[in-house]
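J.: Fold the following and give me the result.
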Amino acid sequence: MIEQLGLIFITLIPIGLVVLFSICLLRSFKMAPRSENEKHYQDPMTKSRKPFP
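T.: Predicted coordinates for the structure are as follows:
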């Protein structure tokens with residue numbers, strides 16, 4: 001029983017670290033382009049909206 005728990009912890013800890021690391025990497029890669037895209041998309045939208053009214 002104790003050996004099984006040890007094996008479970010030994011296998012789960014690296015998997016959890018990899019998952020957390022991948023989530024952090026995905027967030028960092030997604031957040032940077034999003035902020036740039038928001039800047040690029042917000043400027044044309046405001047410029048295109050101003051002439052209509």
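
J.: Could you pull out the strands in the protein for me?
T.: Along the chain, counting by DSSP state E, no stretch forms strands.

J.: what residue ranges in it are flagged as low confidence?
T.: 31-53 (pLDDT under 70).

J.: all helices for it, in order.
T.: 2-49 (DSSP state H).

J.: Please report how far residue 20 lies from residue 14.
T.: According to Cβ to Cβ, to the nearest Å, residue 20 stands 11 Å off from residue 14. C-beta here means a position set from N, CA and C on the backbone, and glycine is covered the same way.

J.: cool, residue 5 as well?
T.: For residue 5 relative to residue 14 (Cβ to Cβ), the value is 16 Å.

J.: what's the answer for residue 21, then?
T.: Distance from residue 21 to residue 14, by Cβ to Cβ: 10 Å.

J.: cool, and residue 29?
T.: In terms of Cβ to Cβ, residue 29 sits 22 Å off from residue 14.

J.: State the number of residues packed around residue 14.
T.: For residue 14, the neighbour count with other Cβ atoms under 10 Å is 9.

J.: what about residue 18, neighbour count?
T.: Residue 18: 10 surrounding residues under other Cβ under 10 Å.

J.: Sorry, slip of the keys, the one I care about is residue 11.
T.: Neighbour tally, residue 11, other Cβ under 10 Å: 10.

J.: Show me which residues of stretch 13-23 are buried.
T.: Within stretch 13-23, no residue is scored as buried using 16 or more other Cβ atoms under 10 Å.

J.: CA atoms only for it - export them in CSV, please.
T.: Provided in CSV are the C-alpha atoms of stretch 13-23 (Å, rounded to 0.1, in the frame of the first residue of the first chain):
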residue,chain,number,x,y,z
ILE,A,13,4.3,15.1,-9.3
PRO,A,14,6.2,15.3,-12.6
ILE,A,15,3.0,15.1,-14.6
GLY,A,16,1.5,18.0,-12.5
LEU,A,17,4.6,20.1,-12.9
VAL,A,18,4.6,19.5,-16.7
VAL,A,19,0.9,20.4,-16.9
LEU,A,20,1.4,23.6,-14.8
PHE,A,21,4.4,24.6,-16.9
SER,A,22,2.6,24.0,-20.2
ILE,A,23,-0.4,26.1,-18.9
